[in-house]
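1. coordinates only, sequence not included:
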């Protein structure tokens with residue numbers, strides 16, 4: 001699919017028309033989802049294409065966040081866009097080598113889901129606000145304060161970069177039940 005990356009140049013450093021591709025999303029259990037991703041050393045055209053493809057994949061899924069390990073790439077890159085208001089402009093973000101540099105003492109409980117664990121949801125408790133530092137596609141270091149859904153999303157995606165899934169916050173029985181459902185889903189998809 002070819003489309004313009006409107007509204008995305010200032011945020012991500014991509015400001016041209018390029019072919020974008022949706023990539024297959026790995027489904028749990030997959031050993032690649034449990035590996036710690038490697039830091040991004042330099043911003044190359046390959047990294048820019050990956051970021052574009054990840055955004056395209058996230059929007060097509062549809063989702064609000066996606067980490068590179070979910071598309072089988074072991075790099076510390078995540079994309080997110082938590083704008084949910086009808087008619088509001090999208091705010092696609094690409095974060096490379098993100099790190100939480102501060103968090104609130106207040107916690108937030110949010111019912112999380114995951115594109116790698118389709119149709120499964122569970123309440124997860126995380127800090128309600130976080131400060132995050134990352135490398136942007138513009139080559140600059142960025143910092144931002146996130147709260148609400150944005151804070152939950154960025155923490156969820158950073159967990160992916162560290163080989164952690166939202167179900168790792170659950171008790172063993174609930175986690176095993178969801179894992180069995182995903183194994184069954186993968187078998188059914190393999191037969192189809």
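-> Arrived safely. Since the model is a prediction, treat every value here as computed from it, not as a measurement.

2. hmm, who's touching the biggest helix by length in the chain?
-> Ranked by residue count and defined by DSSP state H, the top helix of the chain is helix 172-191. With CB atoms under 8 Å, 6 or more residues apart in numbering as the test, helix 172-191 has contacts from 27, 28, 29, 117, 118, 120, 122, 167, 168, 170. Where you see a C-beta, it was placed from the backbone N, CA and C, and this is true even at glycine.

3. let's go with 6 Å and repeat that
-> The contact list for helix 172-191 (CB atoms under 6 Å, 6 or more residues apart in numbering) reads 27, 28, 29, 120, 167.

4. For residue 161, state which of those is nearest.
-> Closest to residue 161 out of the contacts of helix 172-191 is residue 28 (15.5 Å), distances taken as CB to CB.

5. list the contacts for the closest one?
-> Counting by CB under 6 Å, 6+ apart, residue 28 has contacts 116, 117, 182.

6. do the same with residue 160
-> 67, 69.

7. list the contacts for the residue nearest the centre of the chain?
-> Geometric centre of the chain, nearest residue: residue 66, 2.3 Å, by CA atoms, centre = their mean. Shown in contact with residue 66 (CB under 6 Å, 6+ apart): 54, 58, 79.

8. So which of the residues you listed belong to helices?
-> Among the contacts of residue 66, the members falling in helices (DSSP H) are 54, 58.

9. want to throw the contacts of residue 66 into TSV with neighbour count and pLDDT?
-> What follows is those, written out as TSV (neighbours: other CB atoms under 10 Å; pLDDT from 0 to 100):
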residue	neighbour count	pLDDT
54	26	98
58	24	96
79	26	98
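
10. just to revisit the earlier point, just the closest of the contacts of residue 28 to residue 154, please.
-> residue 116 (16.7 Å).
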